[in-house]
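*Asks:* Provide a 3D model corresponding to the input given below.
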Amino acid sequence: MRPKRLSHEELSDLIGLIYESAFEDPQWKRFLGRMSQHFPGTGAFVFVHEGENILPTYAETGKFSGLLKTTGYNVDFSNKDNLPALSGSLSASNGFVARSMKDVDEESYVASEFYQRICKPFGYHHFLSLKLDSHKDRGAYMNFVISSDPEVETATHDELFDTLKLLAPHAVRALQMSRSFTMARNALSVMGGFLDTLILPMAVITGRREFVFANASGRRLLARNAPLKLTGAGRLMMADALDEDALVARLRKMEDQPVANGMQISSETGPMSLCITPFRPSPSDINQLDRDLLKEERLFAIFVGQQSDDAINETLLQDTFELTLREAEVCSALLAGRTPTQIAETSGRSLKTVRNQVQAIHDKVGVETNAALMEALSVFRTVGSVIDGSDTGLTTQTLTRARLV
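*Replies:* Now for the predicted structure:
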């Protein structure tokens with residue numbers, strides 16, 4: 001039997017199918033089916049494990065005939081470092097492809113109940129596992145088992161390994177995209193257009209800082225890449241390294257104690273404050289793999305504002321109310337107690353221009369007087385109150401009132 005060699009067209013087709021099947025139900029089924037066509041004599045299944053226990057699988061091909069979908073199995077063999085095979089693999093990076101031929105202790109493997117009951121009866125021996133993700137003591141994998149026929153194994157093993165290495169980053173990215181899309185869809189289906197009425201910039205992330213979604217002002221703030229930014233992998237980070245360390249520490253603490261927390265940060269346009277609070281959309285429609293893998297994973301909402309004694313940050317004014325730079329400068333001056341005449345004199349603009357800008361500010365914020373403007377923008381202080389230790393005031397009425405005036 002000659003080794004299987006995939007063409008560029010076949011590899012391209014598989015990459016596209018990975019992204020498509022990540023969004024389907026059952027997840028990954030079509031992709032596994034296509035792989036079994038390219039590599040005859042193999043079987044495959046997608047699973048989540050907790051410790052050394054494989055939970056019922058989500059998709060499978062080959063000769064298993066639904067065996068793994070109805071019950072879980074204990075993996076009772078070791079890797080080459082004499083560690084339990086599954087929990088010992090949690091430290092591997094996402095996208096890592098393990099090979100039983102290289103990474104598993106052969107003696108413990110062939111003596112294991114897993115091999116004797118799952119692989120041997122169906123004519124399988126060695127396997128390759130592509131790690132999709134992990135969370136605490138749980139991991140998600142695609143597992144491909146290869147025929148015990150020496151000729152088939154020789155023709156299949158190395159080419160399958162090389163193919164999985166090429167496909168691995170796409171599989172990891174597809175799972176992340178599917179999860180983010182599903183979480184955002186579920187949250188938005190529950191909350192409708194409400195999130196975009198929140199005037200404070202807001203972003204929702206996982207405990208691992210994976211970005212889920214943001215409201216309109218949050219998206220505008222993220223587009224600046226300061227003080228918050230998104231990496232190419234879809235992870236939320238702070239522009240400042242010290243702020244990044246502080247955010248990671250607070251999220252880690254909130255995993256165990258899910259109560260609102262705050263932190264103050266610096267930016268080029270002045271100080272800002274973050275309020276980090278648990279966010280709990282309904283998880284009922286998340287696919288089964290993620291429900292098992294992320295059983296206890298929390299979501300967190302980050303609100304951006306200021307402390308009570310800070311001057312209003314002009315960048316926040318621009319992102320929150322879509323003010324122009326000039327309008328934000330005028331708004332900041334009004335909040336500092338200066339009159340349109342004084343603003344015109346110090347800025348070198350005509351009084352008519354300043355008054356037009358004041359009217360534009362009122363229209364965008366949704367108020368009619370400067371007193372109402374002052375009241376509306378007090379919402380920024382609710383974030384700082386978490387740091388001050390006072391009542392946060394983060395209620396629906398507070399967060400949306402400037403839009404409803």
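*Asks:* CA only for contacts and neighbour counts going forward, please
*Replies:* Fine.
*Asks:* State the helix or strand in which residue 9 lies.
*Replies:* Element membership for residue 9, per DSSP states H and E: helix 8-22.
*Asks:* Now do the helices in the stretch 51-200 of the chain.
*Replies:* Remark: helices assigned in the stretch 51-200 of the chain by DSSP state H, counting those that start in this stretch are 67-70, 100-103, 106-110, 113-114, 150-191.
*Asks:* ok so, going back, report the backbone C-alpha coordinates of the helix holding residue 9 in CSV.
*Replies:* In CSV, the C-alpha atoms belonging to helix 8-22 read as follows (Å, rounded to 0.1, in the frame of the first residue of the first chain):
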residue,chain,number,x,y,z
HIS,A,8,-2.7,21.3,-2.4
GLU,A,9,-6.3,21.3,-3.5
GLU,A,10,-7.2,18.6,-1.0
LEU,A,11,-5.5,20.4,1.8
SER,A,12,-7.3,23.6,0.9
ASP,A,13,-10.6,21.8,0.9
LEU,A,14,-9.8,20.3,4.4
ILE,A,15,-9.0,23.8,5.8
GLY,A,16,-12.2,25.2,4.6
LEU,A,17,-14.1,22.2,5.9
ILE,A,18,-12.6,22.7,9.4
TYR,A,19,-14.1,26.2,9.7
GLU,A,20,-17.4,25.1,8.3
SER,A,21,-17.8,22.0,10.5
ALA,A,22,-16.8,23.9,13.6
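*Asks:* In that helix, which residues are buried?
*Replies:* Using 16 or more other Cα atoms under 10 Å as the test for burial, helix 8-22 gives 14-15, 17-22.
*Asks:* biggest strand in this protein by residues?
*Replies:* strand 124-135 (DSSP state E).
*Asks:* returning to that earlier point: and residue 200, which of the helices of the stretch 51-200 of the chain is closest to it?
*Replies:* helix 150-191 (16.1 Å; Cα to Cα).
*Asks:* and the angle for the closest one with strand 124-135?
*Replies:* 30 degrees (axes from the mean of the first three to the mean of the last three Cα atoms, to 10 degrees).
*Asks:* just to revisit the earlier point, dump the helices of the stretch 51-200 of the chain into JSON lines; add mean pLDDT, mean neighbour count and distance to residue 215 as well.
*Replies:* Output for the helices of the stretch 51-200 of the chain, formatted as JSON lines (pLDDT from 0 to 100; neighbours: other Cα atoms under 10 Å; distance: least, Cα to Cα, whole Å):
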{"stretch": "helix 67-70", "mean pLDDT": "68", "mean neighbour count": "15", "distance to residue 215": "39"}
{"stretch": "helix 100-103", "mean pLDDT": "93", "mean neighbour count": "14", "distance to residue 215": "45"}
{"stretch": "helix 106-110", "mean pLDDT": "92", "mean neighbour count": "16", "distance to residue 215": "50"}
{"stretch": "helix 113-114", "mean pLDDT": "86", "mean neighbour count": "16", "distance to residue 215": "47"}
{"stretch": "helix 150-191", "mean pLDDT": "82", "mean neighbour count": "18", "distance to residue 215": "10"}
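*Asks:* which residues does the residue nearest to residue 368 when sequence neighbours are not counted contact?
*Replies:* Nearest residue to residue 368, sequence neighbours excluded (Cα to Cα, 6 or more residues apart in numbering): residue 362, at 5.7 Å. Applying Cα atoms under 8 Å, 6 or more residues apart in numbering, one finds that residue 362 lies in contact with 368-370, 373.
*Asks:* returning to that earlier point: name the residues of the following helix or strand past the helix holding residue 9 that are buried.
*Replies:* As assigned by DSSP H and E, the chain's next helix or strand after helix 8-22 is helix 29-38. Buried positions in helix 29-38, judged by neighbour count with 16+ other Cα under 10 Å: 29-33, 35-36, 38.
*Asks:* Tell me how confident the model is about helix 29-38, as a mean pLDDT.
*Replies:* What helix 29-38 shows for mean pLDDT is 91.
*Asks:* Could you check the angle that helix makes with helix 150-191?
*Replies:* 170 degrees.
*Asks:* Quick check: which ranges of this protein have low pLDDT?
*Replies:* 1-4, 64-67, 70-72, 182-198, 280-288, 291, 294-297, 308, 381-405 (pLDDT under 70).
*Asks:* change it to 50
*Replies:* Residues of the chain meeting the criterion pLDDT under 50: 190-194, 197, 282-285, 389-405.
*Asks:* what does the longest strand of the chain contact?
*Replies:* 42, 90, 92-101, 115, 119, 139-148, 161, 164, 168, 171-172, 175, 293-294, 297.
*Asks:* What of stretch 243-257?
*Replies:* By Cα under 8 Å, 6+ apart, stretch 243-257 touches 207, 237-238, 261, 263, 265, 298.
*Asks:* same thing but at 10 Å, please
*Replies:* If you take Cα atoms under 10 Å, 6 or more residues apart in numbering as the criterion, stretch 243-257 is touched by 206-209, 227-228, 236-238, 241, 258-266, 274, 276-278, 296-300.
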